[in-house]
Structure formats: C-alpha cells, structure tokens
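Enquirer: Give me coordinates for this.
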Amino acid sequence: IDGWADGEGMVGYLEWTMVVQNHSSWNREAVSTIQLPKGATVSRLTLWVNGEEREAAFSAKAKVTEAYQRVVRRKRDPVLITTEGLDRIQVRCFPVMRSGNMRFRIGISMPLELESSTEAILPLPFFVDRNFDIPSRTRHHIWIESRGDLKFPGKNVSFDLTSEGKHRFQGWVRGANLPSFANTIRVSRKDISTFWNTWDESALPVVGNLQYLEPKHKPTVVVLDGSWGMKSRWDDVIDLLGRATNIKTIFLAGKEVEAFEFDTPNDRDRSIKSLQRYKPDGGRDNVAALRDAWSTAIGIDGGQIVWIHAQQPYALSAGATLHRPFNRSDAPDLIDVPLQVGPNVVLDGLPLLSNIHSVPLLGQGDATFWDRVALIGKLPFELEQGPLPESGHETSKHLTRLWAVQKIHRGLADGMDWDDLVPI
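Expert: I've put the predicted structure just below:
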C-alpha cells in the first residue's frame, strides 16, 4: 500500500497493489469485498497483462458487469470493481490461471479524518470478505509520504525524509492485522480551515471548509448474533454494549429471538447479566431478529439499528422479507458490524440504500466504536463549487474527485439517472 496525505487539504490517496496466486489445477475466480475509508472512492484500477500495466475503464455498474461477463466467457483477463453499498467495493478477477497469478492495483481517493485542528488520520482499506486465503507469512508493505509529520504505531517501521523534504514512513503489517491499523496513521497539519482545488482553467474551484463534528448518539436498537462464530468475541461485545448509553433494546438471535430491555439502569443491569450467561452456539436466524428490531426502531424518533454479528454464510429465513421495510423512506438506519472476515448473504440480499452503513470491528479499536457509529455518513468538511477563496490551502485534484462523488450520490438520492450524472 503506497500513498500520500495532505493534512492541510484533508485529502489522501492510496494505491493498493495485490497479487492473487492460484495453486489449484484449474482456473479460478478471485472475489473479495473491501471496506473503504469513509467518503472514499476508487479513482484508478490497473491490471498487468503480459507484464504490461493497463488502465481500466469506468462506467455504470450494470454496463461494467455485463462487460466483465462477456470477457470472462472469452477467457480473457478482466478485473471488475463494483460498489457494494456505501464505502464498500467488490473486486472480481477471472481467470486466475491454474498455477499462475494475477496482479492488479486499486487507486483510492479519500478524505482524511480530523483528529484535532493540528492532526488528521489517514485511514486504510481492508478486506471484509474474500474467497481466498492470506497466508500467515504474508505481510502488507505500507509506504506513506506527507509534508507534515507522520506517526504509525506498528512494528518494523522506519521514518525518514525524502529528497524533497517530505516525511515518509515504511512499515510492515501482517495480512490479518490490517483492520487493527486502519485508523492509526496520524498526519500533522497546520491549523487551516479552508482548502481548495481547480480541476482545470474552465472549471470553478472546489472549496472545502473544515467543520468540527461532535458525535450525536442516536437511540439504538441492537441485533446481537448468538451463533457459535461469536464465541471468541462474546465477552468483548458485552463490554462494548455495557459502555453504550443510547441503547433502548437488544434483540438476541438465539434459538428464538429474545428481547432485552436497556432503557433504565435496572433493565440494563439485568440484561447485561443475562447476556453474560449466554453461550453462543450453532447457527442462528438473524433475519427474524432484524425484523423485530425494525418494528421497534421504526417507532423511535431518530432510531437506528446496530447489527453485531459473525459470518452470515446462510439466511435461515427469507432475507427478502427485509427488502421492503428497509426500502421505506422512513426506515431507520442499519449499521452493519461484522466481527469476522467472511460472507454476509443477508446484507447482500438488500438493495444499495443510503441508510445502510458498515462499521466493521475486525480488529482492535472498539474504544471509539460508538463515536464512529455516531459520525456515520458525516465528513469533517463541506465541498462546494464557488469563487476562489482569498486565503487557504491549494490541494490535490483528488479533492475535486471527492466533490464529484458527493454530488453524484446526492443526485442519485434525488432520483436522477446515472447517464445524466456522468458529465460531472
């Protein structure tokens, strides 16, 4: 993972280069789902064909999927990236030749997260699902540059200055540990509140104005997976629930769906003790618990649902019954919280809606979990086109890319067609 961060401009760019190897005796398709940093977008995709790096084309999801399937039938070398909800992408590669490999690179433009007026965070992407293994010996090589000072807590890290006087660090992170380091790269910044970029001379500047966000915790209904896959993280999850002050009800997906009230201190104490005694076991029907949670949350002003779960390889009841409730204009937000890398057929069966979000808890860092939930969908700046500011910091064109993505999302939410938004 190579990249840079502009602390004053609150923007960064990463390129994640991957090599997928196929040790089997037949051609295979490699499929993965990647969690992007909040507000990020894929702005580049390249694939090595016969040793030559080639750029990908961008189009609507249906069109590129059709093109991918057409090329797959001809057994060529396609790689496809499509959206899998807000801040998630699916990456598909075929064919990864038997006893061969496929190499590709994903470029990601992203906003930084504001830690304080003089420090920002450069977040990292990571896998939330994949149909291939990452060997224990595999390590991610991370190389980041910035005009500001950099901090990174990993081991085997070296810091130095480039010939241009930029700060740089190189580090190694074991493959499975990447989520634990996703929010740990700190970038120092000057206390500048306005930043801008002009794409070309014919375009108005895109201007960003920094805003300091305070987490506002919504009343929450929790769906808690009671399956065997939760066993290793159960105590941690109960501690996480015990620290929350905004939970109204917890629906436990056990042999039957069981409700635990959290609305008063006495209810809370009784519910925590009961959940501590519970032993996760077997496979559990989370769809029924999600339906009950929806029925409760819809009656709470500003309510949301937080779904904490292990892998969901099967839907034990019809996941399609969730489609209509969560597609309503007044539907509560659903925050998906996977604890493990793996499939989620329940979420895959729901449409790509703006009220469905993801805050994975695959590694360390649960101390900030509830604040991250409270700030879902919120960025530390507003981007608008307008006149050139009298003062501020000129940053990269990646800021304009982020503005375009935000404008497209707003247009789609307002019912505009994709073809009308492409000229942006």
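Enquirer: quick one: the helices in the protein?
Expert: Along the chain, the segments classed as helices by DSSP state H run 61-73, 234-243, 265-277, 286-297, 323-327, 345-348, 369-374, 398-413, 418-421.
Enquirer: mean pLDDT for those helices: which is lowest?
Expert: Among those, helix 61-73 carries the lowest mean pLDDT, a mean of 61.
Enquirer: Might you list the low-confidence residue ranges for the stretch 301-424 of the chain?
Expert: 319, 364-365, 418-419, 421-424 (pLDDT under 70).
Enquirer: what about 80?
Expert: 315-320, 351-354, 363-366, 409, 412-424 (pLDDT under 80).
Enquirer: so where do the strands sit in it?
Expert: If DSSP state E, counting those that start in this stretch is used as the criterion, the strands of the stretch 301-424 of the chain fall at 304-309, 333-338, 356-358, 381-385, 393-394.
Enquirer: Redo these as a markdown table? Include distance to Ala259 and mean neighbour count.
Expert: C-beta coordinates here come from the backbone N, C-alpha and C atoms, glycine included. Rendered in a markdown table, the data for the strands of the stretch 301-424 of the chain read as follows (distance: least, C-beta to C-beta, whole Å; neighbours: other C-beta atoms under 10 Å):
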| stretch | distance to Ala259 | mean neighbour count |
| --- | --- | --- |
| strand 304-309 | 13 | 25 |
| strand 333-338 | 18 | 23 |
| strand 356-358 | 23 | 21 |
| strand 381-385 | 40 | 17 |
| strand 393-394 | 51 | 17 |
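Enquirer: From what I see, Gln385 and Thr400 are in contact.
Expert: No. Shown here, Gln385 and Thr400 do not form a contact pair, counting by C-beta atoms under 8 Å, at 9.2 Å.
Enquirer: Overlap in contacts, the two.
Expert: Taking C-beta atoms under 8 Å, 6 or more residues apart in numbering as the contact criterion, the common neighbours of Gln385 and Thr400 are Ala203, Val206.
Enquirer: Out of the helices of the chain, which is closest to His167?
Expert: Closest to His167 of the helices of the chain is helix 398-413 (C-beta to C-beta; 18.9 Å).
Enquirer: Which of the residues in that closest one are classified as buried?
Expert: Buried residues in helix 398-413, counting neighbours by 16 or more other C-beta atoms under 10 Å, are found at His398, Leu399, Thr400, Arg401, Leu402, Trp403, Ala404, Val405, Gln406, Lys407, Ile408.
Enquirer: So which of these is the closest to Asp366?
Expert: Comparing those against Asp366 with C-beta to C-beta places Leu402 closest, at 27.9 Å.
Enquirer: Kindly provide the distance from the residue nearest to Ala413 when sequence neighbours are not counted to Asn327.
Expert: Spatial nearest neighbour of Ala413, chain neighbours left out: Ser354 (5.8 Å); criterion: C-beta to C-beta, 6 or more residues apart in numbering. Distance check for Ser354 against Asn327: by C-beta to C-beta, to the nearest Å, it reads 11 Å.
Enquirer: Mind listing the shared neighbours of those two?
Expert: By C-beta under 8 Å, 6+ apart, Ser354 and Asn327 have no common neighbours.
Enquirer: first vs last residue of stretch 229-247, how far apart are they?
Expert: The distance separating the two terminal residues of stretch 229-247, taken as C-alpha to C-alpha, to the nearest Å, comes to 23 Å.
Enquirer: List the buried residues in it.
Expert: For stretch 229-247, the neighbour count (16+ other C-beta under 10 Å) marks Gly229, Met230, Arg233, Trp234, Val237, Ile238, Leu240, Leu241, Ala244, Asn246, Ile247 as buried.
Enquirer: what's the pLDDT at Lys75?
Expert: The predicted structure scores Lys75 at 55 on the pLDDT scale.
Enquirer: any idea how far Ser274 is from the residue lying closest to Glu261 once chain neighbours are set aside?
Expert: Using C-beta to C-beta, 6+ apart and skipping the chain neighbours, the partner closest in space to Glu261 is Asp267 (4.1 Å). Computed with C-beta to C-beta, the distance linking Asp267 and Ser274 is 11 Å.
Enquirer: got it, and Gly12?
Expert: When distances are taken as C-beta to C-beta, Gly12 and Ser274 turn out to be 44 Å apart.
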